[in-house]
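Participant: Give me coordinates for this.
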Amino acid sequence: MKTLDIFTTSNQNLRRSKLRTFLTLLAIAIGTFTLALSLGLGQGLKNYISLQLGQYKNVNLYQVEKTTLNDFSGGIGNKDPQTYNPNTSASSASYLNNFITSADLTSLGQVNGVNNVEIPYQATFLYALSPNGTKYLASNSVFLPENPPTLTYGNQLTSVDQGEVLLSQKFAPLVGASDSKSSIGKVLDLFYKDYSGQIKEVKLTVKGVYQPSLIQSPIIIDKFDAKNVAESQSLNNTPQSNIVFVSRNLNVPDATFKTNLKNAKFTGKSFADVNNTLNSIITGVQISLAAFSGVAILASVVGVINTLFMSVLERTREIGLFRALGSKKKTIFALFSVEAMLLGFWGGLSGIALSLLAEQAINAIAAKTFLKGIEGIKLLNISPLLSVEIILIIAAITFIAGLIPAIKASRVDPIESLRYE
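Facilitator: Numbers count the residues shown, from 1 in each chain. Predicted coordinates for the structure are as follows:
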């Protein structure tokens, strides 16, 4: 029997008991549906992270903090009461030791592999006042030359700029502009409260407009203005920070650089580390969800085995006739194993079709509800490649599940089977 004939005959055999075949296909489709949605959810989140952080994974910038910051422990958690030891117990001022001091900056600058140290002065603004009198929240960050945003209009800030600002393209209303292009050259009017409680004003000129990002603030100000505001808001004009940003000498490998930081009692984390950590978390969630889907697939596998065993019993005389007419054992085996594989193929195909419909509906609802305003994110992303892989995997699983019934069918004695009632 030719291969094409085996597939055609096996496919026709599935139609003999339509209800039983339908129920088996339904079980397979449900398992495939849940598996596709769980993997599609993980892939959608990974794509969003890649979109937001992928362009930064090769950025030569590390977030550095003192090692003692990771060792700090307060009075939270469910630990048992501990006795006080004045030599080892943390005091109420312990957290102050985690701030980066001038001495720490000097020590950090001497670490082998450190090219440049950038202090992320955090200026806290009350609001930005638009030309029409509307007050907007003004979340901001300081410009880092090693990690410039992707501009759509205008120019980047430089290390010597002062009085200029970069603005997210969504924040054109803050300067009274109708679009990103017309924002260039406009004045951003910011108000903040200094350490004494007085409200002060600073005006910055928009030099560039950039695409919004997951890790960048909507307003990026130059380090000189950030420093001035941060100092005026701090005791004795001395801003305190737990972190600094450091660029690495490319001649020093990443692992060696981190070891050098550790030896100097600092820890450093790059954008690539953040990206890998997030992807690892999502992969773990994917595996967990896929495991739940596996339960439904396992149930469908039992259904495939049961369906084929019933089919072997019902077609015992037919199998005997095939053998009597000269069919070999391997032909009978192929008929039933291909039948099992086709159950997985059609069930998987149906499940994928349902999951693609669900993908469109869920993404549309998410975009209008809890993901509204978050650009670039697609909650579910079931790619064509993922769809094909799932269908092939399900077909392979059902093929394996059908091996036992297929072996049983191939071993049927032709003489005995012809007498079977």
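
Participant: contacts and neighbour counts: CA atoms only from here.
Facilitator: Will do.

Participant: which residues of the stretch 201-350 of the chain fall in helices?
Facilitator: 223-232, 254-263, 271-314, 316-324, 329-368 (DSSP state H, counting those that start in this stretch).

Participant: show me what contacts V301?
Facilitator: V301 makes contacts with I28, I397, T398, A401, as judged by C-alpha atoms under 8 Å, 6 or more residues apart in numbering.

Participant: List the contacts of the second one.
Facilitator: Yep, that's I397 we're talking about. Contacts of I397 (C-alpha under 8 Å, 6+ apart): V301, M341, G344.

Participant: Distance to S383, secondary structure and pLDDT for the contacts of V301 - can I get that in a markdown table?
Facilitator: As requested, the contacts of V301 are exported to a markdown table (distance: C-alpha to C-alpha, whole Å; DSSP: H, G, I helix; E, B strand; the rest coil; pLDDT from 0 to 100):
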| residue | distance to S383 | secondary structure | pLDDT |
| --- | --- | --- | --- |
| I28 | 20 | helix | 95 |
| I397 | 21 | helix | 94 |
| T398 | 23 | helix | 95 |
| A401 | 27 | helix | 93 |
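
Participant: out of these, who's nearest A103?
Facilitator: Taking C-alpha to C-alpha as the measure, A103 lies nearest I397 of the contacts of V301, at 62.9 Å.

Participant: Based on its surroundings, how many neighbours for A29?
Facilitator: The tally of other residues near A29 (other C-alpha atoms under 10 Å) stands at 29.

Participant: quick revisit: and the contacts of V301, which is closest to S10?
Facilitator: Nearest to S10 among these, with distances taken as C-alpha to C-alpha, is T398, at 14.0 Å.

Participant: Isn't the closest one up against E339?
Facilitator: No. If you go by C-alpha atoms under 8 Å, T398 and E339 don't touch, sitting 9.2 Å apart.

Participant: if we can go back for a sec, rank the helices of the stretch 201-350 of the chain by mean pLDDT and give me the bottom one.
Facilitator: Across the helices of the stretch 201-350 of the chain, helix 316-324 has the smallest mean pLDDT, namely a mean of 81.

Participant: May I see the buried residues of that helix?
Facilitator: Along helix 316-324, these residues count as buried under the neighbour rule (16 or more other C-alpha atoms under 10 Å): T316, R317, E318, I319, G320, L321, F322, R323.

Participant: What helices and strands are in contact with it?
Facilitator: helix 414-418 (3 or more C-alpha pairs under 8 Å, 6 or more residues apart in numbering; DSSP states H and E).

Participant: circling back to that earlier point, what's the closest of the helices of the stretch 201-350 of the chain to N242?
Facilitator: Ranking the helices of the stretch 201-350 of the chain by proximity to N242 (C-alpha to C-alpha) places helix 223-232 first, at 14.2 Å.

Participant: Next, the buried residues of that closest one.
Facilitator: Quick answer for helix 223-232 (16+ other C-alpha under 10 Å): K223, F224, D225, A226, K227, V229, A230, E231, S232.

Participant: Now tell me what touches that helix from outside.
Facilitator: Applying C-alpha under 8 Å, 6+ apart, the contact partners of helix 223-232 are 120-124, 142-143, 159, 161-163, 192, 194-195, 237-239.

Participant: next one: stretch 17-33
Facilitator: With C-alpha under 8 Å, 6+ apart, stretch 17-33 has contacts from 14-15, 293-297, 299-301, 303-304, 307, 343-344, 346-352, 354-355, 390-391, 394.

Participant: again with stretch 351-364
Facilitator: With contact meaning C-alpha under 8 Å, 6+ apart, stretch 351-364 is reached by 28-34, 36-37, 378-382, 387, 391.

Participant: got it, and stretch 176-183?
Facilitator: Here stretch 176-183 makes contact (C-alpha under 8 Å, 6+ apart) with 130-132, 152-154, 169-170, 172, 175, 186, 206, 209.

Participant: Would you list the buried entries among the contacts of stretch 17-33?
Facilitator: 14, 293-294, 296-297, 300-301, 303-304, 307, 343-344, 346-352, 354-355, 390-391, 394.

Participant: okay, now the domains of this protein?
Facilitator: 3-54+276-418, 68-119+248-264, 122-240 (automatic domain parsing).

Participant: Among these, which one carries the weakest average confidence?
Facilitator: Among these, domain 68-119+248-264 scores lowest, with a mean of 75.

Participant: Now distance to N98 too, for the buried residues of helix 316-324, in JSON lines please.
Facilitator: Below are those laid out as JSON lines (distance: C-alpha to C-alpha, whole Å):
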{"residue": "T316", "distance to N98": "79"}
{"residue": "R317", "distance to N98": "83"}
{"residue": "E318", "distance to N98": "81"}
{"residue": "I319", "distance to N98": "79"}
{"residue": "G320", "distance to N98": "83"}
{"residue": "L321", "distance to N98": "85"}
{"residue": "F322", "distance to N98": "82"}
{"residue": "R323", "distance to N98": "82"}
